[in-house]
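Trainee: How does the following fold in three dimensions:
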Amino acid sequence: MRNRRHTLLWMKDLIEHMSRCHDQLQWTHDRATQTFLAEALLGDLGECQKLCEQLRGGPIPAGSTQSLVAT
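Mentor: I've put the predicted structure just below:
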C-alpha cells in the first residue's frame, strides 16, 4: 500500500509540474523557452506513463493500441 501511495503522490507532483509548464507555454514567445518547456513536458509524460504502468501491473504489450481521451 505504501508503494501505491508513493506512486500516486509522485504522479500528482508530475501533473502539477506539467500544469505549470503549460501555463508558461501560453505566455512565452521565446523559442528556446518553448523548446525547454516542451522537453520538460515530454519527460514528465514519460515518467507518468511508467507510473501508470506500475499501477496497472506492467508495461503495455507491444502492438496494443490504446487511445487516451481527455475529459
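Trainee: roughly how far apart are residue 57 and residue 46?
Mentor: Using C-beta to C-beta, to the nearest Å, we find residue 57 at a distance of 19 Å from residue 46. C-beta: built from backbone N, CA, C; applies to glycine.
Trainee: Identify the residue nearest the spatially most central residue of the chain in space, chain neighbours excluded?
Mentor: The centre of the chain sits closest to residue 45, judged by C-alpha atoms, centre = their mean, with a distance of 2.7 Å. Spatial nearest neighbour of residue 45, excluding adjacent residues (C-beta to C-beta, 6 or more residues apart in numbering): residue 18 at 7.6 Å.
Trainee: Report pLDDT for the one you found.
Mentor: Here the pLDDT value assigned to residue 18 is 96.
Trainee: show me what contacts it?
Mentor: 41, 44, 45, 48 (C-beta atoms under 8 Å, 6 or more residues apart in numbering).
Trainee: Tell me the one of the residues you listed nearest residue 3?
Mentor: Of all the contacts of residue 18, residue 3 sits closest to residue 48, with 16.5 Å by C-beta to C-beta.
Trainee: Residue 37 - how many residues pack around it?
Mentor: Neighbour count for residue 37, taken as other C-beta atoms under 10 Å: 19.
Trainee: To clarify, my last question referred to residue 47.
Mentor: Neighbour tally, residue 47, other C-beta under 10 Å: 16.
Trainee: isn't it right up against residue 14?
Mentor: Yes. At 5.6 Å, residue 47 counts as touching residue 14 under the criterion of C-beta atoms under 8 Å.
Trainee: ok, back up a step: any idea how far the residue nearest to the centre of the chain is from residue 39?
Mentor: For residue 45, the distance to residue 39 - C-beta to C-beta - is 11 Å.
Trainee: rewinding a little: more neighbours: residue 57 and residue 46, which one.
Mentor: Remark: of residue 57 and residue 46, residue 46 carries more neighbours, 11 against 6, as counted by other C-beta under 10 Å.
Trainee: tell me which element the residue nearest to the centre of the chain falls in.
Mentor: helix 31-56 (DSSP states H and E).
Trainee: Please work out the average pLDDT along that helix.
Mentor: Mean predicted lDDT for helix 31-56 stands at 94.
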